[in-house]
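Peer 1: Structure for the following, please:
(chains A, B and C, ligands or ions: 1)
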Amino acid sequence: MLRIPCPHCGERDETEFRYRGDAGKARPAGDADIAAFATYVYERDNPLGWHVEWWMHVAGCRKLLKLVRHTLSHEIHAVLAPDAEPPFPPREQGR
Amino acid sequence: MAIGVCRLDLTELAVLRGHAADLPAVARSGGVALPPTGRVAVSASALVLSVRPERWLLLTSPAAAGAGAAAWSERCAGLAAVIDHSSGLAALHLAGPSAREALARGCRLDLAMDAFPPGHAAATSMAQVATILAALPSGLLILTPASTARHLHEWLMGAARPFGLAPLAEITVSTFFGHNDP
Amino acid sequence: MPGPARIGRGLLTDGDRPVGFRFDGRELTALAGDTLASALLANGRRLVGRSFKYHRPRGVVTAGPGEPCALVDVIGSAGREPNQLATTLVLREGLVAESQNRWPSLSVDALAINDLLSRFLPAGFYYKTFMSPGWAWERLYEPLIRRAAGLGRLVAPAVEHPAPAETVHDHADVLVVGAGVAGLAAAHRLGACGLKVLLADQDVTLGAGALLEARAIAWREQMAAALARLPTVRWLPSTTVLGAYGHGVFGALETLSPEAEARFGGLRERLRVIRAKRVILATGAPERLIAFPGNDVPGVMLAGAALGYLRRYGVAVGTRPALFVNNDEAYEALFALHGAGVRPAGVIDPRPQSLAMERARSLGVEVHAGAVVASVAGRRAVRGVSVANVGGGHRATLRADCLLMSGGHTPSTALAAQLGAPLKWQEAIAAFTADLAPAVGSVAGAARGVFGLAAAARDGDAAARAIATDLGRAVNSAIAIDLPADPAATPLAELWEVSAPGKAFVDLQNDVTTADVRLAYREGYEHLDHMKRYTTHGMATDQGRTGGLTGAAVLAKARGVPVSRVGALKPRPFAQPVPFAALAGGEVGEHFKPKRRLPLHDWHEAAGATFVRAGLWLRPLVYSGSSGWEPVLAEARAVRSAVGITDVSTLGKIDVQGPDAAKFLDFVYANTFSTLAVGRARYGLMLREDGLVFDDGTTARLAPEHFLVTTTTVNSVAVLEHLEFHLQTVCRELDVLVTDVGDHWAQFAVAGPRSREVLERVVTGVPLSNEAFPFMAAGAATIAGVAGRLFRISFSGELAYEVAVPARHALEVWSALIAAGKPLGIRPYGLDALNTLRIEKGHVTGAELNGNTTADDLGMGRMLKASGDHIGRSLARRAGLLAPDRLQLVGVRPVDATRRLRNGTQLVAASARSTSLGYVTSSTPSAELPGWVGLALVAGGRARIGERLLGVSPVHAETTDIEVVSPHHADAGNTRVRA
Ligand SMILES: [Zn+2]
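Peer 2: Next up is the predicted model:
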């Protein structure tokens, strides 16, 4: 189980949060074509490694957090505000 | 351990963009101090707690429907949204040395006295329902949506039974008020 | 001394408190503090069960939670509980237990024929035999396998869920798993540093290995007393850590003592979810078996177990024990039994010499160095052993009544492995160990391969010091570990199996032999995990604790590689079987899911409502206890002909405020809200970004910068999250605040041609004439003296209003409305009547907003705004979502008005029955028209209005002629709502 350090509430169980998907994808501009929106809605990376993702603290402060999480080790490298640029992912440890 | 039902009015203040700095003065004019997120502040006529950034819950003695919120709406016009939750949230008060131990049956937060001392507040979920906890010198105040209040109350009674349960009492919110000492 | 084999005082048993119990119908007596296993052994009972596959006689093998054989049924007032471990089951007065896997009785077992047929039951037998023909699976193979398979048997309990269950959440700075010397030393050190420590151990008492050696007893007692004085250290006895879940989260199962059980109302097991900053895994190193022919005969057990029964319970497991071991540590059992007056039959040790061997010789014990056990005489009990030279060749025959074996000790790496720690082979102990990353914690003591009590204690202390420093605590160097020095020991010699004729087991619980492992290898299952699945080695409830590595070693030998190359079985949670009741915790029965209750729940109940669950809500379905449509139609007709009132408080209500509120709603709704006037409401449609309909509802503008959004009951949580998500991402530039106000407002619909008359008697401050308060008007109003809100909206298709008041005033307002409506014939109506009315009117709900429909499918395509971005705008224009042959909303009626409709009925062309054109989504007998009316989604449906289709419901064996009509069965001109 993940323990997510919420910057507003402190460290909490994963069960208090709702996963809201890939935070690496930005919504295209409103006048973008269907293909751009199809990419945004349907195309997902499935990385083995670092992943930038949305978690909303629904049982706590209801703030949306941007996490940099390792999909294998579940290590959480950073918990950021929604508009923050994720830091360059840490180097892969030799696994 | 004693579970008490607490009747009170609840008004939420939520800051509009760019007015975070203006609100404390307005709050003071209404007789309350605004604590930081995760804390409770005691005023002469209200208990104020915050579990969401830039949002505060004002707990006051029951008045006519919407009266409290209307007064705050006037004070905060253009600075904050004011939302009446007086009927939306129910309040329970838990007192006694075993209250925290009993709550550990459903609460995932560390409720040890040193981790969650009086003056602290947190939003979490307990027995699968949303709850706001506030640690007061007298015990723990639990706020929960009105529609799940009976469920939470029943669950609490069950969790508390092995620790001994005093008969249900009604508690007046003003007993928590005092001098402003956040 | 209850029981003939009780030869002394045990550390845990109370000689003054005899306890009576029953096993397989026999009344027996033991002592308080005994486990069922020690109680049976004290009574000279060797045979305690039959094995899983071959139904071979089996006895007690261990003295702890890794027991593979001594599993029993416990029969209590609540029924029969299978697979209880006799080795950990604390004896209670009147306990009734029965052996398992035997029929008709333990000494005569019909299925023991499997043992004689064993050459036909090799590894992979099921896969090979029950292959074909396919038809035989259901009729023949499965029932056959079901009868023969399984451990124990599950009988439905006589009373439903008799015992309570609970989950407790714990927090600590450090979780110490295991209260042996390493764990005790670590907990003491951490506690002395002021850190919050949870010390979890599966045993009922502290000490583990320290209990087994006389020279450590005093130290253990000092330590227990010191821990009791440390306020931040909490010991959790009888608590098994079941799994490690990362981020410092662990699951543990606590078995309650009889006293705690009584206090907690019969609670037997408690699930603990532990969160800790660091963990110290001091989980020890269980002894492992040696695979030799007959290593499963009752009376063959682990040497450490025999030591445990003597020290803990004062029970000698035999009167003439033989010892077959490859390490000096295991001799302690022999020395202890000798010291208690038991005369050993002899020692068999593959090593040429060792210090412990010399000591045994000096005590006058017959020692066979360089030797192995080639076979065991006896079937239901050990009668003797045959000794062979290591290189082969018979050496001697010993008369013995039990055989104590030890193939070495295997550190418990399960929890470390679950935390991702790599395994490292340790030559000196012939086993794997694992280390944790410092940010996670440490492995200490025997679990890290550090054997010897003093050495392990020092190791636990060192681990604790490092963690305390890491957590910023000053370490008090005055604390010292003053355990007597460990005796010198000769290293073990690797010995996994003895090659001799006969069945040699590597997994006693699943009946896996060395021959099975070799067969798996020959058939291509070279990888340990493949061999495991093919043979079921290590897949039983004991997870191969006693022979897991032994099986891996046999595979390694077959492959011709060292064991280190083969690896170890991957241990997964749970470490021991866990009752489902414990996992469910308190969330069972009434509390399985929370119930959301309406403010007027009690009123509805008193009015005779039948309730239905809608999401988490309990809603009145109909104000009648009787089933059937009559009461529903009576309620609906009251609305159509006079007036009705219904509780719609379950609708989601979201307060939206801020300078950009209108702009925000224009983005989240597919239609426009910025043009809505203050004091007006509008129906809104929300799309998902993929262009399909997400939710609908009526939204009112209360002030220029203040809206109230309503959502459907079931989507209220999802819509709020959807709005908040977008406000924090795409719309983060907008100054808008959204707040859930769903529970604050009680909301009632007053509907019917006479609804205005009702409201005129109750509402003050708002003129209700059609001109002053027209259809879709909204605003503040005083209702029965309560400040609230009034909306002129209609879901029924009639002239209707919805009033909203703070929920604590719900009863007074509702009562006032009913009283005012009484002379006009008002009646409350439930969800069923509400549904009848909306189907007649052609309004959609969840059956039509099913996640597959677009606005156009539902006939609302024109609502989508022509310009401006909104969620779903782009993808809603995909060609596939605009195709004319999509399923579109229509109305349906049976051609023969005496026939009924059914939801889910497939609609096919009347001429060609081949493919489905769509299906009925909602249906009801009509309150207004003769017969049934329904809504359906039909391919190109709007163009089919007027056509006839065939409704087919194969599950009801029904076909019905159906007419496709407009979805607006009632008041197609929409005049009533504006009346
Ligand atoms: Zn939070």
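Peer 1: Report the beta-bridge partners for C:Arg597.
Peer 2: According to DSSP bridges, the partner residues bridging C:Arg597 are C:Leu618.
Peer 1: Can you pull out the low-pLDDT segments for chain B?
Peer 2: Within chain B, the segments meeting pLDDT under 70 span B:179-182.
Peer 1: Can you give the domain ranges for it?
Peer 2: B:8-84, B:89-175 (automatic domain parsing).
Peer 1: Out of the ones you listed, which is closest to C:Arg80?
Peer 2: domain B:89-175 (27.3 Å; C-beta to C-beta). C-beta: built from backbone N, CA, C; applies to glycine.
Peer 1: And chain A, is the closest one touching that?
Peer 2: Yes - using C-beta under 8 Å from any C-beta of the partner chain, domain B:89-175 reaches chain A at B:Arg108, B:Leu109, B:Ala122, B:Ala123, B:Thr124, B:Ser125, B:Ala130.
Peer 1: near the ion, anything from that domain?
Peer 2: No - on the criterion C-beta under 5 Å from the ion, domain B:89-175 is out of touch with the ion, staying 7.6 Å away.
Peer 1: a markdown table for the domains of chain B, including mean neighbour count and distance to C:Ala816?
Peer 2: Shown next, in a markdown table, are the domains of chain B (neighbours: other C-beta atoms under 10 Å in any protein chain shown; distance: least, C-beta to C-beta, whole Å):
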| stretch | mean neighbour count | distance to C:Ala816 |
| --- | --- | --- |
| domain B:8-84 | 19 | 14 |
| domain B:89-175 | 19 | 21 |
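Peer 1: Tell me how many other residues surround the closest residue to chain C within chain B.
Peer 2: Going by C-beta to the nearest C-beta, chain C is nearest to B:Gly88 of chain B, at 3.3 Å. Residue crowding around B:Gly88 was assessed by other C-beta atoms under 10 Å in any protein chain shown; the count is 24.
Peer 1: picking up where we left off before, what would the domains of chain B look like in JSON lines with distance to C:Pro562?
Peer 2: Below are the domains of chain B laid out as JSON lines (distance: least, C-beta to C-beta, whole Å):
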{"stretch": "domain B:8-84", "distance to C:Pro562": "56"}
{"stretch": "domain B:89-175", "distance to C:Pro562": "46"}
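Peer 1: C:Leu676 is nearest to which of the ones you listed?
Peer 2: domain B:8-84 (18.9 Å).
Peer 1: show me the contacts for the closest residue to C:Gly318 other than its chain neighbours.
Peer 2: Nearest residue to C:Gly318 in three dimensions, chain neighbours excluded: C:Cys402, at 3.2 Å (C-beta to C-beta, 6 or more residues apart in numbering or on different chains). C:Cys402 makes contact with C:Arg46, C:Gly299, C:Val300, C:Met301, C:Ala306, C:Val317, C:Gly318, C:Arg320, C:Pro321, C:Ala322, C:Val382 under the criterion C-beta atoms under 8 Å, 6 or more residues apart in numbering or on different chains.
Peer 1: Who does whichever residue of chain B sits closest to chain A form a beta bridge with?
Peer 2: The minimum distance from chain B to chain A, using C-beta to the nearest C-beta, falls at B:Ser125 (4.3 Å). Per DSSP bridges, the residues bridged to B:Ser125 are B:Ala130.
Peer 1: circling back to that earlier point, with secondary structure, distance to B:Met113 and neighbour count as new columns, can the contacts of C:Cys402 be given to me in a markdown table?
Peer 2: Putting the contacts of C:Cys402 into a markdown table (DSSP: H, G, I helix; E, B strand; the rest coil; distance: C-beta to C-beta, whole Å; neighbours: other C-beta atoms under 10 Å in any protein chain shown) gives the following:
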| residue | secondary structure | distance to B:Met113 | neighbour count |
| --- | --- | --- | --- |
| C:Arg46 | coil | 53 | 23 |
| C:Gly299 | coil | 55 | 24 |
| C:Val300 | strand | 53 | 31 |
| C:Met301 | strand | 48 | 33 |
| C:Ala306 | helix | 47 | 31 |
| C:Val317 | coil | 49 | 28 |
| C:Gly318 | coil | 54 | 24 |
| C:Arg320 | coil | 59 | 16 |
| C:Pro321 | strand | 54 | 27 |
| C:Ala322 | strand | 58 | 29 |
| C:Val382 | coil | 58 | 27 |
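Peer 1: Would you tell me which one of these comes nearest to C:Phe505?
Peer 2: Each of these was scored against C:Phe505 by C-beta to C-beta, and C:Val300 proved nearest at 9.8 Å.
Peer 1: Do you know the pLDDT at that closest one?
Peer 2: Per-residue confidence (pLDDT) for C:Val300: 98.
Peer 1: repeat for the one 5 residues further on
Peer 2: Looking at C:Ala305, its pLDDT reads 98.
Peer 1: Could you report the neighbour count for it?
Peer 2: If you count neighbours by other C-beta under 10 Å, C:Ala305 ends up with 26.
Peer 1: how does chain C divide up, domain by domain?
Peer 2: Per the record, chain C has its domains at C:14-116, C:166-285+C:411-470, C:290-406, C:496-577, C:592-649+C:742-852, C:655-706+C:713-738+C:855-880, C:884-979, by automatic domain parsing.
Peer 1: Indicate which one of these is closest to the ion.
Peer 2: domain C:655-706+C:713-738+C:855-880 (12.4 Å; C-beta to the ion).
Peer 1: how far out from the middle of the chain is the closest one?
Peer 2: Centroid displacement of domain C:655-706+C:713-738+C:855-880 relative to its chain, using C-alpha atoms, centre = their mean, to the nearest Å, is 39 Å.
Peer 1: Do any residues in it lie close to chain B?
Peer 2: Yes - Domain C:655-706+C:713-738+C:855-880 comes into contact with chain B (C-beta under 8 Å from any C-beta), by way of C:Asp655, C:Gln657, C:Gly658, C:Pro659, C:Asp735, C:Leu737.
Peer 1: who wins for neighbours among those?
Peer 2: Neighbour max across these (other C-beta under 10 Å) = C:Asp655, 25 neighbours.
Peer 1: Following the chain onward from the strand or helix carrying it, which element is next?
Peer 2: Element membership of C:Asp655, judged by DSSP states H and E, is strand C:652-657. For strand C:652-657, the following helix or strand on the C-terminal side (DSSP H and E) is helix C:661-668.
Peer 1: List of residues touching that next one?
Peer 2: Residues from elsewhere that reach helix C:661-668 (C-beta under 8 Å, 6+ apart): C:656, C:658, C:672-674, C:676, C:684, C:686, C:699, C:701, C:704-707, C:709, C:722-723, C:726-727, C:730-731, C:734, C:736, C:865, C:868-871.
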